[in-house]
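>>> I would like to see how this sequence folds:
(one chain, ligands or ions: 1)
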Amino acid sequence: MVKSTVKQLGLVVTILFAVKANAVIAADFQAYPIDKSSGLVMAPGWEAVKGNCTACHSAKFITGQRGDRETWQSMIRWMQSTQGLWQIPSETESTILDYLATNYPPNKSSRRSNLPINLMPTAPNRYP
Ligand code: HEC
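Predicted coordinates for the structure are as follows:
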């Protein structure tokens, strides 16, 4: 009796976790639209990034990169000392760093997850 109650409780907890995990994934998907011309996520601060960070190179340099605030700041400093990037007013730089660290953080993959197998095209030479 006690054992099965414990088991049931375990199941309930597992389901709750699954629901929570799904909610997080759903939140990830609903997020912000993508700017068509740059590919940047249109989250707060994106205009400052588009305005300051796409004059010399494609925004793909940014969307394909990941980092925490410190890493992003070091990239900016590197561009300032070696690539001719101008001084950005500190308030604007702070907006840019918040945006980058929030939307392109170290743990977020730049790739979408794999398609489920049933959505994959059939490979003509697949065995069997
Ligand atoms: C004045 C020109 C200029 C501006 C403006 C500029 N960059 Fe760059 N950036 C460069 C150059 C040059 C490179 C190196 C390109 C190469 O590797 O050939 C680079 C490279 C990068 C890279 C790739 C670093 C790597 O890992 O290879 C990232 C990320 C990046 N920039 C982000 C930004 C961000 C964010 C901003 C806005 C704050 C910005 N850039 C603004 C010139 C600029």
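>>> Any residues of this structure in contact with the ligand? List them.
The chain comes close to the ligand at residues 52-53, 55-57, 61-62, 65, 75-76, 79, 83-85, 96, as judged by Cβ under 6 Å from any ligand atom. (C-beta placed from N, C-alpha, C; glycine too.)
>>> Mind picking the two most distant members of those residues?
Q65 and G84 (18.9 Å; Cβ to Cβ).
>>> Looking at the two, which has the bigger crowd around it?
Q65 (13 against 8; other Cβ atoms under 10 Å).
>>> Please determine how far the more buried one is located from V49.
According to Cβ to Cβ, to the nearest Å, Q65 stands 12 Å off from V49.
>>> Also K36?
15 Å.
>>> Likewise for L115?
30 Å.
>>> same deal with T95?
On the measure of Cβ to Cβ, T95 and V49 end up 8 Å apart.
>>> neighbour count winner among those two?
V49 (24 against 19).
>>> Unless I misread the structure, the more buried one falls within a helix.
Yes: V49 sits within a helix when classified using DSSP: H, G, I helix; E, B strand; the rest coil.
>>> Hmm, it is touching A101, no?
No: contact criterion Cβ atoms under 8 Å: V49 and A101 do not qualify, at 11.7 Å.
>>> Below-threshold pLDDT in this structure: ranges please.
1-30, 108-110, 126-128 (pLDDT under 70).
>>> For burial, what's the neighbour tally of the closest residue to I34 other than its chain neighbours?
Nearest residue to I34, sequence neighbours excluded (Cβ to Cβ, 6 or more residues apart in numbering): V41, at 6.1 Å. V41 has 19 neighbours, counted by other Cβ under 10 Å.
>>> before we move on, what about the one 3 residues further on?
P44 sits with 12 neighbouring residues when counted by other Cβ under 10 Å.
>>> Let me know whether it touches L100 as I believe.
No: when contacts are counted by Cβ under 8 Å, P44 is not listed as touching L100 (11.9 Å).
>>> Skipping adjacent residues, who's closest to S38 in space?
S38 sits nearest to A59 (Cβ to Cβ, 6+ apart), 4.0 Å away.
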